[in-house]
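Chemist: the sequence and its predicted three-dimensional model are supplied below.
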Amino acid sequence: MVELFHFRGYDIPVHLLNKTGGGTETFEKISDWHLVQLKKYVGVKETDNVVEIGCGIGRDAIPLTEILKGGTYIGTDTIAPSIEWCTKQISARHPNFLFIHHDIHDTLHNPNGMLHAKEVRLPSADGSVDLILLHSVFTHMFGDEIVHYLREFRRILKPTGRVYASCFLVNDGIRTAVQDAPRPGWSVQFKFPFGAGCYINSEREPRAAVAFEDDHFIHLIGESDLKLDQILWGAWSGYREGARSGQDIVILRTP
């Protein structure tokens, strides 16, 4: 019998929920926190056209159905069963919500995938999207893949468009600190260099957690012709002043 988790009127299979990150004990708390942050820092309007990369099992999509009454939502993910569930359960109730499987080869989430991340073209018309969301996606990607996605974001965003994306940003002081004493509950140390400005947490599974030097990540943003609006420092390292819960957040806009 499939174990289910009840969330805002949906019964979510726990084995798929666990692939989203966290578990049943944190699912609703993280969802609520995401929505609070989105409303505060980028705004979400009823008529917005939203794209979410790495939508998982609908942790953000489900609460967004209560907001995007006159807008649209497209969620993409590499985990096919999650996309199938979201289509059958969420799209069936909300036809303006569309879920698309991108069969990207990813040793962590989709080892049998046939596409390279740099081959993906997002399923939105040029200049049509108001808001792009990524939670814990760039934390599993490398520089060339991130640049490709950022260029796709630039293509599909409206002139007033914005991007809200989480990541791990480090400098020498933070890397030294977390290597000696990672914050409880995170256990990320980023000991291993992995190309220019990039560090990984595990040599056995490089995508498990990926961090970038602050300046290098800003350089990647510059290659896409997007503008860095602000950085919301996360509490994951314990060494940023004014840090908020979770990972670091970059907010990007069109120039």
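Modeler: Sure thing, it's come through. Residues are numbered from 1 along each chain as shown.

Chemist: going forward, measure contacts between C-alpha atoms and count neighbours the same way
Modeler: Will do.

Chemist: what bridges to the spatially closest residue to residue 89 that is not a sequence neighbour?
Modeler: For residue 89, ignoring the flanking residues on the chain, the nearest one in space by CA to CA, 6 or more residues apart in numbering is residue 10 at 7.7 Å. Beta-bridge partners recorded for residue 10 (DSSP bridges): residue 7.

Chemist: can you tell me how far residue 10 is from residue 72?
Modeler: Distance, residue 10 to residue 72, by CA to CA, to the nearest Å: 20 Å.

Chemist: cool, and residue 52?
Modeler: 11 Å.

Chemist: do residue 143 as well
Modeler: For residue 143, the distance to residue 72 - CA to CA - is 29 Å.

Chemist: now swap in residue 230 and tell me
Modeler: On the measure of CA to CA, residue 230 and residue 72 end up 26 Å apart.

Chemist: so which of these two has more stuff around it?
Modeler: Neighbour totals were compared for residue 230 and residue 72, and residue 72 leads with 21 against 13 (other CA atoms under 10 Å).

Chemist: excluding covalently adjacent residues, which one is nearest to the more buried one?
Modeler: Excluding the flanking residues, the one nearest residue 72 by CA to CA, 6+ apart is residue 49, at 4.6 Å.

Chemist: list the contacts for that neighbour?
Modeler: Residues in contact with residue 49 (CA atoms under 8 Å, 6 or more residues apart in numbering) are 71, 72, 73, 128, 129, 130, 131.

Chemist: go again using 6 Å as the cut-off
Modeler: Residues near residue 49 by CA atoms under 6 Å, 6 or more residues apart in numbering: 71, 72, 73, 129, 130.

Chemist: what segments of the stretch 151-255 of the chain are strands?
Modeler: Counting by DSSP state E, counting those that start in this stretch, residue ranges of the strands within the stretch 151-255 of the chain are 157-167, 169-170, 192-193, 198-200, 210-213, 227-232, 248-253.

Chemist: with mean pLDDT added, can I get the ones you listed in CSV?
Modeler: Listed next are the strands of the stretch 151-255 of the chain as CSV, based on pLDDT from 0 to 100:
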stretch, mean pLDDT
strand 157-167, 97
strand 169-170, 96
strand 192-193, 96
strand 198-200, 98
strand 210-213, 98
strand 227-232, 96
strand 248-253, 97
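
Chemist: now these as CSV including distance to residue 104?
Modeler: As requested, these are exported to CSV (distance: least, CA to CA, whole Å):
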stretch, distance to residue 104
strand 157-167, 19
strand 169-170, 24
strand 192-193, 24
strand 198-200, 20
strand 210-213, 18
strand 227-232, 27
strand 248-253, 24
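
Chemist: relative to residue 29, how far out is residue 111?
Modeler: Using CA to CA, we find residue 111 at a distance of 30 Å from residue 29.

Chemist: cool, and residue 23?
Modeler: According to CA to CA, residue 23 stands 10 Å off from residue 29.

Chemist: tell me which of those two has more neighbours.
Modeler: The neighbour count for residue 23 versus residue 29, taken as other CA under 10 Å, is higher for residue 23 (16 against 10).

Chemist: ok, for residue 155, nearest residue in space, not its chain neighbours?
Modeler: Once flanking residues are discounted, residue 155 sits nearest to residue 126: 5.4 Å by CA to CA, 6+ apart.

Chemist: so that neighbour sits against residue 158, correct?
Modeler: No - taking CA atoms under 6 Å as the definition, residue 126 is not a contact partner of residue 158, at 7.9 Å.

Chemist: give me the longest helix you can find in the protein.
Modeler: Determined from DSSP state H, the single longest helix within the chain is helix 24-41.
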